[in-house]
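# Got a predicted structure here, sequence first:
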Amino acid sequence: MHEMLSQLMTYLRGVLRFRWSALLTAWAIALASWALVYYLPDKYEADARVHVDTHSVLKPLLEGMVVETNTQERVRLMARTLLSRPNLEKVARATDLDLQVNGRKGMEDLIDGLRERIEIDATSEFNLYDITYRDSDPKRAERVVQTLLDLFVEESLGDTRQDSANAQKFLTHKLKEYERRLEEAEQRLMDFKRKHTGEMPDERGDYYERLQGKQAQLEEARLQLETAQKRRDVLEEQLAGEKPTYGVMERTAQSPAGTGQPSELQQRVSQLQQELDQLRLQYTDKHPDVRNLQATIENLKEQQEGQQSQQVAAVDQGGDSGGFEANLAANEYYQNLRTALAEAKAEVASLRARKERFEEQVETLKEKVDTIPQVEAKLAQLNRTYRVNKENYEKLLARLQSAQISEEAGRSSDDVKFQVVDPPQTPVEPVAPNRALLVSGGLFGSVGAGMVLGVLMAQIRPVFDSRRSLFEATGLPVLGTVSRVSTRATAARKRTEGLLYLLGMVLLLLAYGVAMAIAFWGTGPVETWLNAWGISL
């Protein structure tokens with residue numbers, strides 16, 4: 001610490017040795033810096049503040065029906081891109097700044113200068129945006145800020161409308177494309193179904209499921225046929241052991257006991273004939289049900305004819321109807337067996353036809369073992385293509401309608417509302433440069449430069465100003481020092497020199513005060529004050 005103080009005192013003594021050089025240097029630098037500060041152009045600042053309201057009453061009402069857009073984030077992005085080159089070129093042309101430059105290089109410098117001097121501050125919490133610009137011309141500064149404000153509002157609204165229009169244009173184009181694809185898929189599907197009629201999968205399943213189903217039905221028909229055949233055989237054996245009763249007249253073949261009422265066999269034939277007539281209204285004679293019913297009716301008619309033949313034979317043998325009726329009542333079991341046998345034969349014929357039909361269907365399916373799976377695979381592919389195109393078409397249609405509703409909602413109520421809180425105005429007072437600060441900096445800088453010059457000159461022309469410095473330089477012990485005794489003339493000269501130096505310092509401070517006054521109030525009040533003292537600038 002002692003060494004630092006000693007070194008500092010050495011520097012101060014060096015400055016005092018060359019105090020006049022330091023003072024002159026301070027004067028020169030101070031005057032030069034103050035003159036430079038005085039001639040610096042004034043900078044005027046124009047600013048504007050705008051509030052962006054992104055809340056809309058229709059948004060909660062149309063939630064889920066319209067396209068959700070982050071309007072607030074879009075406005076922020078627009079604020080960040082406001083200083084892009086195209087926008088700055090618009091500002092330059094709108095404010096006639098481009099008339100002051102020549103060539104591409106000049107335009108580049110102008111754009112860079114605008115980008116440096118324009119400031120955009122956003123307060124996201126309150127959606128406030130501040131636009132600030134500085135220029136030497138106050139009116140030009142106000143025009144630049146106004147142009148930026150107009151661009152900010154127009155670009156934000158126009159960008160939203162343009163995006164909506166582009167989205168609708170794209171959706172309309174894609175919708176027509178998928179509509180064409182859907183129609184083509186529908187046409188291909190119809191042509192394919194028309195071409196492969198009878199080979200399409202239905203509610204019964206695909207090819208293998210249908211084949212298994214038909215095979216199961218065939219097996220069931222075979223079992224039913226075997227059961228019916230066994231029942232028929234049993235009835236034939238039972239009928240062979242019974243004797244019929246004869247002796248009725250021909251009229252009794254039509255009505256039992258001469259009552260004039262139709263027999264049970266006739267009633268069944270009549271009933272089956274009505275059912276056959278109903279089936280013929282719906283199907284052709286080749287239909288399996290029609291054929292089965294015809295076979296049953298034929299069997300019953302054969303049985304009826306047999307009964308009539310027996311009755312005629314009984315009459316020819318001289319029997320009377322009364323005896324036949326008594327015997328018929330006694331052997332009615334025989335007649336029931338014949339009726340059951342006829343029904344069993346009809347059922348066997350029906351089941352045999354049903355079995356044959358299933359066999360034909362199974363054979364037909366087996367013959368198409370290579371064709372039908374390919375048809376089903378192709379049909380599945382066509383259905384899948386159709387379904388995908390239909391889903392995409394419906395999605396695009398829903399989104400197009402949503403975009404149209406969004407656009408209509410945007411036209412009916414503003415999604416974004418701009419409120420200019422502080423409009424730009426022509427500034428009156430400059431905001432830069434801060435001449436008072438620069439003048440003070442010039443004073444301290446000049447004084448510091450003078451002191452540095454004194455220290456440097458002391459280092460260039462060193463002297464021994466203390467016993468310690470002499471001892472450190474020679475290494476010899478210093479026995480004593482002799483003080484310098486000044487004469488009266490020398491002392492008077494030193495006093496005069498000191499007064500002059502003090503006067504120089506005072507004048508420097510006075511000049512600093514004048515420079516500060518000019519910095520605060522301009523040259524007008526200072527000139528008036530100096531003229532009052534008889535000093536003219």
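Yes, it's here. Predicted, not measured: the structure shown is a model, and the values here were computed from it. Numbering: from 1, shown residues only.
# pretty sure Ala46 is in a strand, no?
Yes: assessed by DSSP: H, G, I helix; E, B strand; the rest coil, Ala46 belongs to a strand.
# which SSE is the closest residue to it other than its chain neighbours in?
Using CB to CB, 6 or more residues apart in numbering and skipping residues adjacent in sequence, the residue nearest Ala46 is Ala141, 3.9 Å away. C-beta: built from backbone N, CA, C; applies to glycine. In the assignment (DSSP states H and E), Ala141 maps to helix 138-195.
# Now do the helices in the stretch 301-450 of the chain.
Assigned by DSSP state H, counting those that start in this stretch, the stretch 301-450 of the chain shows helices spanning 321-330, 332-367, 371-412, 435-460.
# Mind putting those helices into TSV with mean pLDDT, mean neighbour count and distance to Asp289?
Conversion of the helices of the stretch 301-450 of the chain to TSV gives the following (pLDDT from 0 to 100; neighbours: other CB atoms under 10 Å; distance: least, CB to CB, whole Å):
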stretch	mean pLDDT	mean neighbour count	distance to Asp289
helix 321-330	46	16	35
helix 332-367	81	17	9
helix 371-412	76	15	26
helix 435-460	91	17	114
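# for these, which one sits closest to Lys214?
Across the helices of the stretch 301-450 of the chain, Lys214 has its closest neighbour in helix 332-367 (4.9 Å, CB to CB).
# Please state the offset of the closest one from the chain centre?
Mean C-alpha position of helix 332-367 versus that of the full chain (CA atoms, centre = their mean, to the nearest Å) differs by 68 Å.
# same deal with stretch 182-191?
Distance of stretch 182-191 from its chain centroid, counting by CA atoms, centre = their mean, is 32 Å.
# Check stretch 188-198 too.
With CA atoms, centre = their mean, you get 40 Å for stretch 188-198.
# just for the stretch 151-300 of the chain, where's the confidence low?
156-165, 196-208, 210, 241-263 (pLDDT under 70).
# now do 50
By pLDDT under 50, the weakly predicted segments of the stretch 151-300 of the chain are 203, 246-261.
# Compute the inter-axis angle for the helix holding Ala141 and helix 371-412.
150 degrees (axes from the mean of the first three to the mean of the last three CA atoms, to 10 degrees).
# Give me the helices and strands touching helix 138-195, please.
Where contact means 3 or more CB pairs under 8 Å, 6 or more residues apart in numbering; DSSP states H and E, helix 138-195 is packed against strand 44-53, helix 71-80, helix 85-94, strand 128-135, helix 371-412, strand 417-422.
# Take these and write them to CSV, including distance to Ile460.
Compiled in CSV, the helices and strands packed on helix 138-195 are given as follows (distance: least, CB to CB, whole Å):
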stretch, distance to Ile460
strand 44-53, 48
helix 71-80, 57
helix 85-94, 54
strand 128-135, 46
helix 371-412, 79
strand 417-422, 60
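# who wins for proximity to Arg181 among the ones you listed?
helix 371-412 (4.7 Å).
# quick check: angle from the closest one to helix 332-367?
Using the same axes, to 10 degrees: helix 371-412 against helix 332-367 is 70 degrees.
# From the contact counts, what lies against helix 371-412?
When contacts are defined as 3+ CB pairs under 8 Å, 6+ apart, helix 371-412 sits against helix 138-195, helix 207-240.
# could you redo the last one with a cut-off of 10 Å?
With contacts taken as 3 or more CB pairs under 10 Å, 6 or more residues apart in numbering; DSSP states H and E, helix 371-412 sits against helix 58-61, helix 138-195, helix 207-240.
# Show the model's pLDDT score for Tyr133.
In this model, Tyr133 is scored at 93, pLDDT.
# Could you count how many residues lie near the closest residue to it other than its chain neighbours?
Closest residue in space to Tyr133, ignoring its immediate chain neighbours: Val144 at 4.7 Å, by CB to CB, 6+ apart. Look at Val144: counted by other CB atoms under 10 Å, it has 26 neighbours.
# again, but for Arg188
14.
# quick one: contacts for it?
Lys378, Leu382, Thr385, Tyr386 (CB atoms under 10 Å, 6 or more residues apart in numbering).
# Please report the distance of the first one from Thr364.
Translated: Lys378. 20 Å (CB to CB, to the nearest Å).
# Over to the last one?
Using CB to CB, we find Tyr386 at a distance of 28 Å from Thr364.
# residues making contact with stretch 419-432?
Residues contacting stretch 419-432 (CB under 10 Å, 6+ apart): 40-53, 127-149, 153.
# Distance of the residue lying closest to Val348 once chain neighbours are set aside relative to Leu337?
Closest residue to Val348 apart from its sequence neighbours, by CB to CB, 6+ apart: Ala228 at 4.7 Å. Per CB to CB, Ala228 is found 16 Å from Leu337.
# got it, and Gln304?
The gap separating Gln304 from Leu337 is 15 Å, by CB to CB.
# now do Gln374
Distance from Gln374 to Leu337, by CB to CB: 56 Å.
# In contact with Phe192, which residues?
Taking CB under 10 Å, 6+ apart, we find Phe192 in contact with Met200, Val375, Lys378, Leu379, Gln381, Leu382, Asn383.
# which one is Thr426 nearest to, not counting chain neighbours?
Glu142 is the one closest to Thr426 (CB to CB, 6+ apart), at 4.5 Å.
# Just to check, that neighbour is in contact with Arg134?
No: contact criterion CB atoms under 10 Å: Glu142 and Arg134 do not qualify, at 11.5 Å.
# quick one: common contacting residues for those two?
The contact sets of Glu142 and Arg134 overlap at Tyr44, Glu45, Ala46, Asp47, Pro427 (CB under 10 Å, 6+ apart).
# May I see those arranged in CSV, with pLDDT and neighbour count as well?
Converted to CSV, the shared contacts of Glu142 and Arg134 look like this (pLDDT from 0 to 100; neighbours: other CB atoms under 10 Å):
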residue, pLDDT, neighbour count
Tyr44, 91, 22
Glu45, 91, 19
Ala46, 92, 24
Asp47, 91, 20
Pro427, 88, 20
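# of these, closest to Arg85?
Ala46 (22.0 Å).
# In space, what's closest to Glu45 - neighbours in sequence excluded?
That would be Val431: by CB to CB, 6+ apart, it lies 4.4 Å from Glu45.
# no no, Met505
Nearest to Met505 is Leu23, by CB to CB, 6+ apart, at 7.1 Å.
# Give me the mean pLDDT for the helix or strand where the one you found lies.
Secondary structure assignment for Leu23, by DSSP H and E: helix 19-39. Across helix 19-39, pLDDT averages out at 92.
# what angle sits between that helix and helix 435-460?
Going by the same axes, to 10 degrees, helix 19-39 makes 150 degrees with helix 435-460.
# So which elements touch helix 19-39?
Applying 3+ CB pairs under 10 Å, 6+ apart, one finds that helix 19-39 contacts helix 2-17, helix 435-460, helix 488-521.
# Does anything pack onto the second one? Which helices or strands?
It refers to helix 435-460. Using 3+ CB pairs under 10 Å, 6+ apart, helix 435-460 is in contact with helix 2-17, helix 19-39, helix 488-521.
# again with the last one
Counting by 3+ CB pairs under 10 Å, 6+ apart, the packing neighbours recorded for helix 488-521 are helix 19-39, helix 435-460, helix 523-532.
# Nearest approach to Gln294 belongs to which of those helices?
Closest of the helices and strands packed on helix 488-521 to Gln294 is helix 435-460, at 123.2 Å (criterion: CB to CB).
# buried ones in the helix or strand following the closest one?
The helix or strand immediately downstream of helix 435-460 is helix 467-474, counting by DSSP H and E. By neighbour count with 16 or more other CB atoms under 10 Å, helix 467-474 contains the buried residues Leu470.
# between helix 467-474 and helix 2-17, how big is the angle?
Calculated by the same axes, to 10 degrees, helix 467-474 forms an angle of 100 degrees with helix 2-17.
# which outside residues touch helix 467-474?
Contacts of helix 467-474 (CB under 10 Å, 6+ apart): Ser6, Thr10, Pro462, Val463, Phe464, Ser466, Leu476, Pro477, Val478, Leu479, Gly480, Thr481.
# which one of the residues you listed is nearest Arg117?
Nearest member of those to Arg117, counting by CB to CB, is Thr10, at 49.0 Å.
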